[in-house]
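Visitor: Need a 3D model of the sequence below.
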Amino acid sequence: MLGHSLSYPDNASMHPVLHYLSDILPKRPGFQRNPVQIAYAEALLDGLAQKGKLHFVEGDTGIGKSLAYQLALADWVAKGKLMGGKQAARRALISTHSRALQRQLLQPDNLAIVRDYLTHAQLPQLSFALRMGRDNYLNPERLALLLGVPSLDAAAESTRLPDTYRRLARWGLKSDGCLLDLDAALLPDGWQLADIALRPNDPLPETLETQQQAAQQSDVLIINHALLAVDLVTQGKITHAEAPYALLLDEAEHYPEIAEELLSNRVSLQSTTYLLNQLKQHRVAKQWQTLLDNMTDRERAGRAHSLTPYQGEALQSAVKALLKLRLREPSHTPALWQEWQHLRQGVESIALRLREASRYLVLDYSPVRGLPGVVAHAPSAASSLKAGAKKRVTLMTSATLSDLDHAPGETPHFRYMRSRLQLPVTHPRSGLQRSFQAQQFGTLRFRLPRGLPHPLLQQADGRYQLAPQYCQQVLPYITDQPGRTLVLCASYADVTALEAEWPAAHSHRLVAHYAGAGLNELVARLENDSILLTPAGWEGLSPNREGNQAYWQHVVVLRNPRPMVSQVEQHLVEQMLIHRDVSPSEAAHIAKGTLMRKSTVRTLHKLRQGLGRAIRHPDDDVLITLLEPRIPRPSGSPACHGVYTQQVLLGAIPARFYSDYQQAEEPGGEKDAAPSIAQDLAALL
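Guide: From the prediction side, this is the model:
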């Protein structure tokens, strides 16, 4: 085995990465020495030295996490090449939640710094690659078909096609086909990116196949959490990663939900019946319609339960009939065929659970009408992260990785992530627990209005919506600031309710984000004084600052983004407890409390991420208006009648901004909300 001695530059007691961050990087324009970033990098280096462990390393927004972990991973991989032998095969995988971060990691400026570090440390240079899902790439044949030509070459040279069509064809020929790089203005009216994207069963274009094969051999490979989950359960089918390698998950708190969504399946009986009729499979559709009629139960609306033996038999018969269908793609529209492929995949998963007589097969009823859906649940999907962990180093990081309930200076808790990963502190794979918070990074000014009416109003069908009176009273706090305003809503229904009451004087500023519309494309077209209403901007929305100020001058939190407690999960937890001889009533109480605590942590993560939309640069100065009535007012005054404040929500405010929160402006408060509002509305906020 060949070996090489590794010399530390200048200071033998300091790791080369720490030396670079401390003394070399600050010499570059726009950089300065950041002790918190250096401490964060040191924790990562400690983790990389502990193979077989899963490490929790939280790093606040603004400390330079991504650059720090890129340098630490590059150092680890490059040193393996110098060591020779088995260590020469070292690789690093970086998995993220957002595509924006994946692409940010490969920006030329970032890679230039990493390569500069390797040169300073006298280490070999490395290769970097990005691997995304196939739906992010162009299907050239499908594009040519939609353009009405035999090939993109023919489209590019055609004189009868509109110029926009020819430009689109030329883009497809000259680029690598990544749809994230496509200017949406090139798409003809009515077209969507999904219309020209690769689908699950489409063959890969030759250029993309070559690119993906090269990515599987790269020294540092960047993927997303969904691909990672597939890679872990298929033992490296996506990445071809083998020991020794290091796996780092940024935005790691999203992995449990993504893995669970990917490995679980829900099939709506109503949607299945409708799709089968569209496909002209009327005999099988009639069988599913009978199943739907027999299982619909308004009294069970919003609840979940296990299948009875009779329901299991009826479902199994319908599933067999559907899976026997042999449909031909050319006979159907692309959209209809895609829906069929998705349905068949879900039904195959249910068929497997039926054969196994799995207790994780559950009937889930819609909230109002009690329409049934069959859920093949994967409750331990996140524990897939432990697969193969013995042979690698696993680092989890994020600005919101902990439970956000620790005071400054206290050791953070990672109970939520540990429970999802099934990794107690005493587990032999349990590693570091560290948190690093920025000391100074931007300025936030807070405003928490008082005296607002109750946000919710019950409709005739039993559902709730934002009350018109509430919208009318909060709109002055949304529209009174100059510059761009980001309004973070809890749902698209909130957007519709605000839009209905929008004042005519500010109609030119209103930009409403609707379900299915591309948010980043929408943000790229905003005017300097636009007000954007969206429930999708809590995270991953990071436009570049303009001039010497933040992109958003005003960020509004309209309502608590608390996710609904899953009735499927509650039922499964109850059944597990009952199986352990806990009484049904006690099991229901424990399950509800457990899932509410989980929901609270997810809410804190989302709120913290929402506040992070404001501060993206050390010099940013932004007003935060918190309309959510459950967030305590610094004065202790109630926000509105019938709603109780929750101190735990203050965990969403970074410690460095807590004194600013305590000095928040509290306008209003002279008028009290009507006392007739039912207090049970508060549980829905």
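Visitor: May I see the buried residues of stretch 316-329?
Guide: Buried residues in stretch 316-329, counted by 16 or more other C-beta atoms under 10 Å: 318-319, 321-322. Quick note: C-beta positions are derived from backbone N, CA and C, even for glycine.
Visitor: Taking the residues you listed, tell me the two that lie furthest apart.
Guide: The span of these, defined through C-beta to C-beta, is set by 319 and 321 at 7.3 Å.
Visitor: who's in contact with the residue nearest to residue 414 when sequence neighbours are not counted?
Guide: Leaving aside its chain neighbours, residue 414 sits nearest to residue 56 (4.7 Å; criterion: C-beta to C-beta, 6 or more residues apart in numbering). Taking C-beta atoms under 8 Å, 6 or more residues apart in numbering, we find residue 56 in contact with 396, 401-402, 412, 414, 417, 431-434.
Visitor: what residues does the helix or strand residue 227 falls within touch?
Guide: Per DSSP states H and E, residue 227 falls inside helix 225-233. For helix 225-233, the surrounding residues in contact (C-beta under 8 Å, 6+ apart) are 93, 95-97, 131-133, 223, 237-239, 241, 247, 249, 251, 254-255, 258-259, 262-263, 381, 384-385, 387-388.
Visitor: give me that answer again for 7 Å
Guide: Under the criterion C-beta atoms under 7 Å, 6 or more residues apart in numbering, residues 95, 97, 131, 133, 237-239, 254-255, 258-259, 262-263, 384-385, 387-388 lie in contact with helix 225-233.
Visitor: What is the nearest of the contacts of residue 56 to residue 594?
Guide: Using C-beta to C-beta, residue 417 comes nearest to residue 594 of the contacts of residue 56, at 15.0 Å.
Visitor: of the contacts of helix 225-233, buried ones?
Guide: 95, 97, 131, 133, 238-239, 254-255, 258-259, 262-263, 384-385, 388.
Visitor: I'd say residue 457 and residue 465 touch.
Guide: Yes. Under the criterion of C-beta atoms under 7 Å, residue 457 makes contact with residue 465 at 5.9 Å.
Visitor: so who does residue 427 touch?
Guide: By C-beta under 7 Å, 6+ apart, residue 427 has no neighbours at all.
Visitor: Now it: phi and psi?
Guide: Per-residue torsions, residue 427: phi -70, psi 140 (degrees, to the nearest 10).
Visitor: Also residue 182?
Guide: Dihedral angles for residue 182 - degrees, to the nearest 10 - are phi -80, psi 130.
Visitor: go on, residue 446?
Guide: According to degrees, to the nearest 10, residue 446 has phi -110, psi 150.
Visitor: and residue 519, what is it in contact with?
Guide: 513, 534, 536-537, 541.
Visitor: Residue 152 now?
Guide: Applying C-beta under 7 Å, 6+ apart to residue 152 gives the contacts 140, 143-144, 169, 172-173.
Visitor: nearest spatial neighbour of it, skipping sequence neighbours?
Guide: residue 169 is the one closest to residue 152 (C-beta to C-beta, 6+ apart), at 4.6 Å.
Visitor: before we move on, back to that, quick one: mark the members of the contacts of residue 519 that sit in strands.
Guide: residue 534 (DSSP state E).
Visitor: Out of the contacts of residue 519, which comes closest to residue 473?
Guide: Using C-beta to C-beta, residue 534 comes nearest to residue 473 of the contacts of residue 519, at 21.0 Å.
Visitor: what bits of the stretch 101-250 of the chain have low per-residue confidence?
Guide: For the stretch 101-250 of the chain, applying pLDDT under 70 flags no range at all.
Visitor: which residue ranges form the helices in it?
Guide: Ranges of helices in the stretch 101-250 of the chain, per DSSP state H, counting those that start in this stretch, are 108-120, 140-147, 152-157, 163-174, 193-196, 206-215, 225-233.
Visitor: Looking at those helices, which one is packed in the most?
Guide: Greatest average neighbour count among the helices of the stretch 101-250 of the chain goes to helix 225-233 (a mean of 21), per mean count of other C-beta atoms under 10 Å.
Visitor: The buried residues of stretch 316-329 in strands, which ones?
Guide: Among these, no member falls in strands (DSSP E).
Visitor: Contact partners for the residue nearest to residue 152?
Guide: Residues in contact with residue 169 (C-beta under 7 Å, 6+ apart) are 147, 152, 155-156.
Visitor: Swap in 8 Å and give it another go.
Guide: Applying C-beta under 8 Å, 6+ apart, the residues near residue 169 are 143-144, 147, 149, 152-153, 155-156, 161.
Visitor: Okay, strands next: where are they in the stretch 351-500 of the chain?
Guide: Secondary structure of the stretch 351-500 of the chain (DSSP state E, counting those that start in this stretch): strands located at 361-365, 372-376, 392-398, 430-436, 443-447, 456-458, 464-466, 485-488.
Visitor: out of these, nearest to residue 312?
Guide: Closest among the strands of the stretch 351-500 of the chain, using C-beta to C-beta: strand 361-365, at 8.1 Å.
Visitor: The closest one: how far from the chain's middle?
Guide: 25 Å (C-alpha atoms, centre = their mean, to the nearest Å).
Visitor: Using PDB, write out every CA atom in that strand.
Guide: The C-alpha trace of strand 361-365 is given here as PDB (Å, rounded to 0.1, in the frame of the first residue of the first chain):
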ATOM      1  CA  LEU A 361     -52.400  -0.800   5.300                       C
ATOM      2  CA  VAL A 362     -55.000   1.800   6.400                       C
ATOM      3  CA  LEU A 363     -58.300   3.300   5.200                       C
ATOM      4  CA  ASP A 364     -58.100   7.100   5.400                       C
ATOM      5  CA  TYR A 365     -61.300   9.200   5.100                       C
END
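Visitor: Report the mean confidence score over that strand.
Guide: Taken as a whole, strand 361-365 has an average pLDDT of 91.
Visitor: just checking, what packs against it?
Guide: Helices and strands touching strand 361-365, by 3 or more C-beta pairs under 8 Å, 6 or more residues apart in numbering; DSSP states H and E, are strand 304-306, helix 334-356, strand 372-376, helix 567-579.
Visitor: So what are the sheet partners of it and their directions?
Guide: strand 304-306 (antiparallel), strand 372-376 (antiparallel) (DSSP bridges).
Visitor: Toward the C-terminus, what is the element adjacent to the lengthiest helix in the chain?
Guide: In the chain, taking DSSP state H as the definition, the longest helix is helix 584-612. Next in sequence after helix 584-612, counting helices and strands by DSSP H and E, comes strand 621-626.
Visitor: now this structure, which segments are flagged as low pLDDT?
Guide: In the chain, residues with pLDDT under 70: 1-12, 407-409, 461-462, 669-685.
Visitor: And it, what are its domain boundaries?
Guide: Domain ranges of the chain: 36-131+216-261+383-436, 136-205, 265-376, 443-684, per automatic domain parsing.
Visitor: returning to what we had before: bridging residues for the residue nearest to residue 414?
Guide: Counting by DSSP bridges, residue 56 is bridged to residue 396, residue 433.
Visitor: Make sure residue 275 is indeed in a strand.
Guide: No. Read with DSSP: H, G, I helix; E, B strand; the rest coil, residue 275 is helix and lies in no strand.
Visitor: so which of the domains of the chain is the most packed in?
Guide: Among the domains of the chain, domain 36-131+216-261+383-436 has the highest mean neighbour count (mean count of other C-beta under 10 Å), at a mean of 19.
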